[in-house]
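J.: Sequence and predicted model, in that order:
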Amino acid sequence: MNLETVNYQHDGGVAIIKLNRPQAGNALSAQLASDLLAAASNAARDDNVRAVVFSAEGDFFCFGGDLKEFKAFGGQPEKLKPIADQLHEAMSIFLTMPKPVIVAVNGMAAGAGVPISLVGDIIIVDETARFRLAYTAAGLSPDGGSTWLLPRLIGFRRTQELIFENRELSAPEAVEWGLATRTAAQGTALDTAIKQAKAMAEGPTMAYASAKKMLETTFANNFVAQTDIETQEISANMAGHDGKEGIDAFVNKRKPNFKGVR
Amino acid sequence: MNLETVNYQHDGGVAIIKLNRPQAGNALSAQLASDLLAAASNAARDDNVRAVVFSAEGDFFCFGGDLKEFKAFGGQPEKLKPIADQLHEAMSIFLTMPKPVIVAVNGMAAGAGVPISLVGDIIIVDETARFRLAYTAAGLSPDGGSTWLLPRLIGFRRTQELIFENRELSAPEAVEWGLATRTAAQGTALDTAIKQAKAMAEGPTMAYASAKKMLETTFANNFVAQTDIETQEISANMAGHDGKEGIDAFVNKRKPNFKGVR
Amino acid sequence: MNLETVNYQHDGGVAIIKLNRPQAGNALSAQLASDLLAAASNAARDDNVRAVVFSAEGDFFCFGGDLKEFKAFGGQPEKLKPIADQLHEAMSIFLTMPKPVIVAVNGMAAGAGVPISLVGDIIIVDETARFRLAYTAAGLSPDGGSTWLLPRLIGFRRTQELIFENRELSAPEAVEWGLATRTAAQGTALDTAIKQAKAMAEGPTMAYASAKKMLETTFANNFVAQTDIETQEISANMAGHDGKEGIDAFVNKRKPNFKGVR
């Protein structure tokens, strides 16, 4: 793919998607939202992609909306809406695509950069990275799925602290609070994420896909409804290649050879 | 306002509401529930109120339902219902009013005093305060929104520990668990809350209002529905005074001058 | 009750249910799922049972599905479905029966053993026990209510870490994360659970029942709907024996004598 503000590479079974406006702190312009949607769609659609790494070029992850560009809109909502819509659609694709998404947060995430940094199944954070929502400091309310993601990750009270007070979190705090999965030594988040994505691309990606789908809907279901879905999914996985292979390998104490199919 | 068991002051843009039955540990009588509802309604309705502080007079925050009064009811539910209804309506107003609510927990919160102490956007706790649900110790099930608030703040397991075992939490534990936002040195919670409320009253209160509204409904929405609401809200804020002002101030590296309008 | 793979004892007001395939790590066979459902149903139905302890015989709690048996199914979903359905029904009974359930996790819980170990109101874990989901290691997606229970206990990020990476948790980590209530010294989880269950069996079990019912549905309700249910439940409890007794005992500073009725 050839995009202006997003890098897209395909390395083995892994797509590596990187925000690429480093001179602007990878701030979200109209172009970047459009490019990110194209990249996410492509990774979701391409059957040769079995896992995705999402990161950014330069020293920062993402500074959030490009407020210089937004200022030029003169407050016209019809200029903001297509950007927000494309960003949210891209994020929805990351959250729901039937393959693992690993985010490497290479540096500071601010504003919409915070929720964007959280749209993966595994979040690896450079030990020097920081998180700060900052919307209300600019007179704005949160977007980027902040109000969907944060309460499900860290509860209401800490979400309120981030939104109303714009408290800045360090990388270790983000892990301790349950925003991110783990830290990586300075400068190593991307390599760590790629290594893990390659391992997961060789894994039972349909089983991962079942888990993603079920987590996305869990809060809308009671126990009976959710376990009915679990039974359908584990049955389908057990009947397919990777489930049979996994069970046989377990019983015979050998290493499984998954294909990502069921 | 002139109320029997609740103090209501208006200081600049801030309403200060204090439970005022200190001789009874601010226990919830029929009168107090009625007064609290009147105070909450007034703060919500008064356009000159841009932020609210909620606290209590004396050494305790609230000991919960006034069991002496309840005993006189002789177990007649029709006597309890109007008290519970008024209390819950007052709490719902705190949770949904389009302005920030800061709670100063000045001392012990027990029974319904616990959920009442949690109905704000920021919860500041005297370092000597303690929390204890205590309902089941009196043969009762929790009310005051305990079963709505606690699972959203601290998860199921710790909610069960508080409800079934009546474990008492210290102020630092309440912060560590995510019930409260932070502690304040002994005797300073109210002043700290007033100072912060005055600062927030000068802030982008419509953006805060958007955030409150979106958090209240998040668990009922999937990602697409919630982000659609986020786009509507940020668009409305960006088109209004405070959003334009905030973006202009950010771009020009100056201090914003918010008016609480959009 | 006389069951092949589950022990059922009745001791005072307490039913003690133990998985009993220790030679197979208490792995979930068709027989065990059927026996567990029978035991759970009986405990729920028997009015002389006022609290339940759920544990396992031997050194392990439960190794999850019996993959040797599942391998013999040759991947036929119609063989797995009745086992999963019975297991989920048994778990649903533990989660919803109107009496407290205390789980004593006596040792390693793996696969479906993890969610099964979490279906109580109080979870006491042997300090040497460990938890590991392990589904995706065998090419399978989680069942046993894993995707319902875990996000409600520990949030999305840590749920993903357990499902996608099969991270093993120690007993203290399980408590720190909010999966379990507390640890017990090696070899003492069962005795601790029985002692606590006997105390709770003498408690206001209808108030506990109200709390269980309300927690089960909280995420589907907004604040107004949930507090309406709280008012109904506390009114019913206050009008009944245990509520009257509890209030009278509180006011008169004496020990209450609950009967588990309202």
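T.: Perfect, I can see it now.

J.: give me the residue from chain A nearest chain C.
T.: As assessed by C-beta to the nearest C-beta, chain C sits closest to A:G246 within chain A, at 2.7 Å. Every residue, glycine included, has its C-beta placed from N, CA and C.

J.: what residues are up against that residue?
T.: By C-beta atoms under 8 Å, 6 or more residues apart in numbering or on different chains, A:G246 lies in contact with A:204, A:207, A:256, A:258, C:137-140.

J.: ok, 7 Å please
T.: The contact partners of A:G246, taken as C-beta atoms under 7 Å, 6 or more residues apart in numbering or on different chains, are A:204, A:256, C:138-140.

J.: Please apply the same query to A:A112.
T.: Taking C-beta under 7 Å, 6+ apart as the contact definition, A:A112 lies against A:28, A:64-65, A:87, A:143-144.

J.: The same query, at a cut-off of 6 Å, please.
T.: A:28, A:64-65, A:144 (C-beta atoms under 6 Å, 6 or more residues apart in numbering or on different chains).

J.: so the residue of chain A closest to chain C is in which element?
T.: Here A:G246 sits within helix A:241-251, counting by DSSP states H and E.

J.: And that helix, what's buried?
T.: Neighbour-count burial for helix A:241-251 flags A:241-250 (criterion: 16 or more other C-beta atoms under 10 Å in any protein chain shown).

J.: Which two among the contacts of A:G246 are spaced furthest apart?
T.: Farthest pair in the contacts of A:G246 (C-beta to C-beta) is A:P256 and C:L140. Separation: 10.9 Å.

J.: So those two - more neighbours on which side?
T.: Neighbours per residue (other C-beta atoms under 10 Å in any protein chain shown) separate A:P256 from C:L140, with C:L140 holding more: 31 against 19.

J.: A:V119 falls within a strand, correct?
T.: No. With DSSP: H, G, I helix; E, B strand; the rest coil as the criterion, A:V119 is located in coil rather than a strand.

J.: what about it, distance to chain B?
T.: 9 Å (C-beta to the nearest C-beta, to the nearest Å).

J.: So what's the residue count around that residue?
T.: For A:V119, the number of neighbouring residues by other C-beta under 10 Å comes to 22.

J.: Ok, A:N252 next?
T.: Taking other C-beta under 10 Å as the definition, A:N252 ends up with a neighbour count of 9.

J.: quick one: contacts for it?
T.: With contact set as C-beta under 6 Å, 6+ apart, A:N252 has no partners.

J.: can you do 10 Å?
T.: Taking C-beta atoms under 10 Å, 6 or more residues apart in numbering or on different chains as the definition of contact, the neighbours of A:N252 are C:K71.

J.: cool, the one 4 residues further on as well?
T.: Contact analysis of A:P256 by C-beta under 10 Å, 6+ apart lists A:202-204, A:242, A:244-250, C:137-139.

J.: So the residue of chain A closest to chain C versus A:R50, what's the distance?
T.: Between A:G246 and A:R50 the distance is 16 Å, computed by C-beta to C-beta, to the nearest Å.

J.: Could you do A:K18 as well?
T.: When C-beta to C-beta is the yardstick, A:K18 and A:R50 sit 19 Å from each other.

J.: Between the two, which is the more surrounded one?
T.: Higher neighbour count among A:K18 and A:R50: A:R50, with 25 against 21, using other C-beta under 10 Å.

J.: How confident is the prediction for the more buried one, by pLDDT?
T.: For A:R50, the model assigns a pLDDT of 97.

J.: repeat for A:T217
T.: 86.

J.: Check the contact lists of A:P256 and C:L140 and give me the overlap.
T.: Residues touching both A:P256 and C:L140 (C-beta under 10 Å, 6+ apart): A:204, A:242, A:246-247, A:250.

J.: So which of those is the closest to C:A72?
T.: For the shared contacts of A:P256 and C:L140, the residue nearest C:A72 by C-beta to C-beta is A:I247; the value is 10.0 Å.

J.: Pull up the residues of the stretch 51-200 of chain A that are close to chain C.
T.: Taking C-beta under 10 Å from any C-beta of the partner chain as the measure of proximity, the stretch 51-200 of chain A contacts chain C at A:100, A:102, A:118, A:120-123, A:149, A:151-155, A:174-175, A:177-182, A:196, A:200.

J.: give me that answer again for 6 Å
T.: Counting by C-beta under 6 Å from any C-beta of the partner chain, the residues of the stretch 51-200 of chain A lying close to chain C are A:121, A:152-153, A:178, A:181.

J.: got a winner among those for most neighbours?
T.: Comparing those on neighbour count, A:D121 comes out first with 26 neighbours (neighbours: other C-beta under 10 Å).

J.: Tell me the helix or strand right after the one helix or strand A:P115 maps to.
T.: Element membership for A:P115 (DSSP H and E) is helix A:113-116. Next along the chain after helix A:113-116, taking DSSP H and E as the criterion, comes strand A:122-126.

J.: if you go through the stretch 51-200 of chain A in chain order, where are the strands?
T.: In order along the chain, the stretch 51-200 of chain A carries the following strands (DSSP state E, counting those that start in this stretch): A:51-56, A:101-105, A:109-110, A:122-126, A:130-132, A:169-170, A:182-184.

J.: For chain B, which of those is the nearest?
T.: Chain B lies closest to strand A:109-110 among those, at 11.1 Å (C-beta to the nearest C-beta).

J.: and that closest one, is it in reach of chain B?
T.: No. With C-beta under 6 Å from any C-beta as the criterion, chain B is not reached by strand A:109-110; the gap is at least 11.1 Å.

J.: residues making contact with that strand?
T.: With C-beta under 6 Å, 6+ apart as the contact definition, strand A:109-110 has outside contacts at A:61-64, A:117, A:131-132, A:134.

J.: repeat that for 8 Å
T.: A:25, A:60-64, A:116-117, A:129-134.

J.: now swap in stretch A:227-245 and tell me
T.: With C-beta under 8 Å, 6+ apart as the contact definition, stretch A:227-245 has outside contacts at A:204, A:206-207, A:210, A:213-214, A:217, A:221, A:247, A:256-262, C:70, C:73, C:75-77, C:80-81, C:84-85, C:88, C:91-92, C:135, C:138-148.

J.: try stretch A:61-70
T.: Counting contacts by C-beta under 8 Å, 6+ apart, the residues outside stretch A:61-70 that touch it are A:19, A:24-30, A:32, A:55-56, A:79-80, A:83, A:105-114, A:116-117, A:129, A:134-135, A:138, B:238, B:247, B:250-251.

J.: filter those residues to the buried ones?
T.: Buried by 16+ other C-beta under 10 Å: A:19, A:24-30, A:32, A:55-56, A:79-80, A:83, A:105-114, A:116-117, A:129, A:134-135, A:138, B:238, B:247, B:250, out of these.

J.: List the buried residues of stretch A:167-175.
T.: Across stretch A:167-175, burial judged by 16+ other C-beta under 10 Å covers A:169, A:171, A:174-175.
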